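Participant: Provided below for reference: sequence and predicted model.
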Amino acid sequence: MAEFSNLSVDRRSGFCKSNSIFYSKRSPVPLPPNQYLDVTTFISSRAHHGKIAFIDAATGHHLTFSELWLAVDSVAECLSDMGIRKGHVVLLLSPNSIFFPIVCLAVMSLGAVITTTNPLNTPGEIAKQIADSKPVLAFTINELIPKLAGSKLPIVLLDDQNTALTGEAKIVSTLQKMMRKQPPNGSRVRDRVNQDDTATLLYSSGTTGASKGVVSSHRNLIVMVQTVLGRFRLEEGEHTFICTVPMFHIFGLAAFATGLLASGSTIVVLSKFDMHEMLSSIAKYKATYLPLVPPILVAMINGADQIRSKYDLGSLQSVLSGGAPLSKEVIEGFSHKYPTVRILQGYGLTESTGIGASTDSLEESRRYGTAGMLSPSMEAKIVDPDSGEALSVNRTGELWLKGPTIMKGYFSNPEATTSTLDSEGWLRTGDLCYIDEDGFIFVVDRLKELIKYKGYQVPPAELEALLLSHPEISDVAVIPFPDREVGQYPMAYVVRKAGSALSESAVMDFVAKQVAPYKRVRRVAFVASIPKNPSGKILRKDLIKLATSKL
């Protein structure tokens, strides 16, 4: 347990009456004293006994740690020769692969900034991110080149096949070619990277609708790596993780492209989620840890008898669930079906570098419905959204977080930054929570109006703006509709223009053609008007109540 220097801190809850702050009960994370340190150097200099860093689940192709760091150096050298410098932004558009981390680590080692995007996003959605982040170079695969059409960005191919798909694209190199470059004998002079310099620019919907670039520093990532190492206590033995979550997302980037490498663990990479490939990889590579999102956990419970008869999961020690707190039924159901596997949970945001709270044992996870206890070096406030008063134990309000992993702000968006980060560095999470007498956080509701589909964030405002562009729609509201399989999916309440005979399927098709699959509207109801408060804000809670009352 952390040592509380202030005697007025309650050791059981972590709450300090004198300033209304909750302090983490976990041991604080040590920070490297060297101010001039990039996250790549920090990770590569960690001593461990690991041999194989990455395995491609589909092909069995693998990279040893020595091959990985040689590749990172070679790619960084080539990027430097191309003129990539500190502060330049590089776009990575790719499904999961064993090469994804090489690009991230090479870019960050130069002090350049990596920005990732979802391969499922439409060309229009990707074009918006490019216009905002202004990358000077893109890494992608042949298949996804058309999604960069019109960007005129120079492209490095992650795969080597030269197909007709390259078309007019400006291909400047391939990753394989870059990896073959011999690093120089002497160390090349590079820009000095400060821990405060920007390392990543990941896009998040934050507490409001439009997607914004989250500016995370090398320090943010270094502390995240330290937290990951402390949480899993991986020095106790060799471990193998299955990478089921997307590396472009903070969960995947924090764990698989950076954090876990410092422990010497082996990471088995699935290019896309497939239940059979995940389960057979656990058996084949004797995996010990399985990070996942709640819908996969539920599927493992529902298919447990068949799964256990078909796959040898004897090596599996822990599942790590993120995205939403698990219910009592799910935790008990999983523990019953897989008695030798413990469930760990985590809570975090892109804005907090994926770190916020966690349960680090099955006993902690059995505090049903909890998001866990505050991560090391993290502080929290529970703030009344109306009065702004900081509340005490077992009182519900908005969760505010402060600590060394909190973002620097939103990229080129001072207005959004000011509304999310206060002058003292407190991050307003947009989640309504309370913290109990033992320091466990419980998420009650979301102030922010995001829909969580299989762990992906879907901003209702984005879908509403799209639907309002339809010539036969006069008003619309999009809400989260609960679903056992995916968590929530978008449902639209639509007001048709006079004389329109617009159908449900026509509404759904209109959206599906213009957004990534996870953002699709999957249920439509036609109404005479959308309920709004006097200031014109949609009363989403009323619509959610109406939609779910028929369940």
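Facilitator: Thanks, I have the structure now.

Participant: residues contacting residue 519?
Facilitator: 453, 456, 458, 462, 463, 490, 511 (C-beta atoms under 8 Å, 6 or more residues apart in numbering). Just so you know, the C-beta spots here come from the backbone N, C-alpha and C atoms, and that holds for glycine as well.

Participant: okay, and which of the residues you listed map to helices?
Facilitator: With DSSP state H as the criterion, helices contain 462, 463, 511 from among these.

Participant: okay, now the first one: neighbour count?
Facilitator: By the criterion of other C-beta atoms under 10 Å, residue 462 has 18 neighbours.

Participant: hmm, it is touching residue 128, no?
Facilitator: No: Residue 462 lies out of contact with residue 128 (C-beta atoms under 8 Å); the separation is 10.3 Å.

Participant: intersection of neighbour lists for these two?
Facilitator: Each of residue 211 lies in contact with both residue 462 and residue 128 under the rule C-beta under 8 Å, 6+ apart.

Participant: which helices and strands sit right next to the helix or strand containing residue 172?
Facilitator: Assessed by DSSP states H and E, residue 172 sits inside strand 170-174. Secondary-structure packing of strand 170-174 (3 or more C-beta pairs under 8 Å, 6 or more residues apart in numbering; DSSP states H and E): strand 154-157.

Participant: how far away from the center of its chain is the strand it packs on?
Facilitator: On the basis of C-alpha atoms, centre = their mean, to the nearest Å, strand 154-157 sits 25 Å off its chain's mean C-alpha point.

Participant: repeat for stretch 41-54
Facilitator: With C-alpha atoms, centre = their mean, you get 23 Å for stretch 41-54.

Participant: what pLDDT, on average, does that stretch get?
Facilitator: For stretch 41-54, the mean pLDDT works out to 93.

Participant: and the end-to-end length of it?
Facilitator: Length of stretch 41-54, first residue to last, C-alpha to C-alpha, to the nearest Å: 19 Å.

Participant: what are the buried residues along it?
Facilitator: The neighbour-count check on stretch 41-54 (16 or more other C-beta atoms under 10 Å) flags 41, 42, 43, 44, 50, 52, 53, 54 as buried.

Participant: now, which of these sits nearest residue 31?
Facilitator: Nearest to residue 31 among those is residue 42, at 10.7 Å by C-beta to C-beta.

Participant: so the closest one is in which element?
Facilitator: Using DSSP H and E, residue 42 falls in helix 39-44.

Participant: outside of the longest helix belonging to the chain, which residues touch it?
Facilitator: Assignment by DSSP H gives helix 65-81 as the longest helix of the chain. Helix 65-81 is contacted by residues 40, 44, 50-54, 63, 90, 101-103, 105-107, 109-110, 112, 137, 173, 175, 178-184, 188, 190, 261, 264 when judged by C-beta under 8 Å, 6+ apart.

Participant: give me the buried subset of those residues.
Facilitator: The buried subset of these - by 16+ other C-beta under 10 Å - is 40, 44, 50, 52-54, 63, 90, 101-103, 105-107, 109-110, 112, 137, 173, 175, 178-179, 181, 183, 261, 264.

Participant: take those and keep only those in helices.
Facilitator: Residues of the buried ones among the contacts of helix 65-81 located in helices (DSSP H): 40, 44, 101, 102, 103, 105, 106, 107, 109, 175, 178, 179.

Participant: and the first one, what does it touch?
Facilitator: Right, the one you point to is residue 40. 72, 105, 106, 108, 109.

Participant: so what's residue 538 closest to, chain neighbours aside?
Facilitator: Using C-beta to C-beta, 6 or more residues apart in numbering and skipping residues adjacent in sequence, the residue nearest residue 538 is residue 477, 4.7 Å away.

Participant: hang on, the one you found is in a strand, isn't it?
Facilitator: Yes: counting by DSSP: H, G, I helix; E, B strand; the rest coil, residue 477 falls inside a strand.

Participant: that one pairs with what?
Facilitator: residue 493 (DSSP bridges).

Participant: show me the contacts for the most centrally placed residue in the chain.
Facilitator: By C-alpha atoms, centre = their mean, the chain has its centre lying nearest to residue 250, at 2.9 Å. Shown in contact with residue 250 (C-beta under 8 Å, 6+ apart): 202, 204, 348, 349, 350, 353, 354.

Participant: from what I can see the fourth one touches residue 429, true?
Facilitator: Yes: between residue 349 and residue 429 there is a contact under C-beta under 8 Å: 6.2 Å.

Participant: spit out the residues that contact these two alike.
Facilitator: Common neighbours of residue 349 and residue 429 are listed as residue 356 (criterion: C-beta under 8 Å, 6+ apart).

Participant: how about low-confidence regions in this protein?
Facilitator: 1-7, 161-167, 184-189, 205-209, 233-237, 448, 534-536, 551 (pLDDT under 70).

Participant: now the helices: where do they sit in the stretch 101-250 of the chain?
Facilitator: 123-133, 175-179, 218-232, 250-252 (DSSP state H, counting those that start in this stretch).

Participant: picking up where we left off before, farthest-apart pair in the ones in helices among the buried ones among the contacts of helix 65-81, please.
Facilitator: So, those by C-beta to C-beta: farthest apart are 44 and 175, at 18.7 Å.

Participant: for the longest helix of the chain, which positions count as buried?
Facilitator: For helix 65-81, by 16+ other C-beta under 10 Å, it's 65, 68-80.

Participant: apart from its neighbours in sequence, what residue is nearest residue 323?
Facilitator: For residue 323, ignoring the flanking residues on the chain, the nearest one in space by C-beta to C-beta, 6+ apart is residue 455 at 3.9 Å.

Participant: any idea how far residue 34 is from residue 324?
Facilitator: For residue 34, the distance to residue 324 (C-beta to C-beta, to the nearest Å) stands at 38 Å.

Participant: which of these two has more neighbours?
Facilitator: More neighbours surround residue 324 than the other of residue 34 and residue 324, with 17 against 9 (other C-beta under 10 Å).

Participant: which SS state does that one fall under?
Facilitator: coil.

Participant: for residue 530, same thing?
Facilitator: Applying three-state DSSP: residue 530 is coil.

Participant: what about it, neighbour count?
Facilitator: 18.

Participant: could you do residue 271 as well?
Facilitator: Using other C-beta under 10 Å: residue 271 sits among 19 other residues.

Participant: check contacts around it.
Facilitator: 56, 57, 58, 95, 96, 97 are the contacts of residue 271 under C-beta under 8 Å, 6+ apart.

Participant: how close does the third one sit to residue 174?
Facilitator: When C-beta to C-beta is applied, the distance between residue 58 and residue 174 equals 20 Å.

Participant: again with the fourth one
Facilitator: Using C-beta to C-beta, one obtains 17 Å as the distance from residue 95 to residue 174.

Participant: check the last one too.
Facilitator: Computed as C-beta to C-beta, the residue 97 to residue 174 distance reads 13 Å.

Participant: between those two, which one's more packed in?
Facilitator: Remark: of residue 97 and residue 174, residue 97 carries more neighbours, 22 against 18, as counted by other C-beta under 10 Å.

Participant: in the stretch 251-400 of the chain, which spans are helices?
Facilitator: Counting by DSSP H, counting those that start in this stretch, the helices of the stretch 251-400 of the chain are 275-285, 294-302, 304-310, 328-337, 362-365.

Participant: tell me which residues of stretch 136-150 are tucked away?
Facilitator: Buried residues in stretch 136-150, counted by 16+ other C-beta under 10 Å: 137, 138, 139, 140, 141, 142, 144, 145, 147, 148.

Participant: narrow these to those in strands?
Facilitator: Those of the buried residues of stretch 136-150 mapping onto strands are 137, 138, 139, 140, per DSSP state E.
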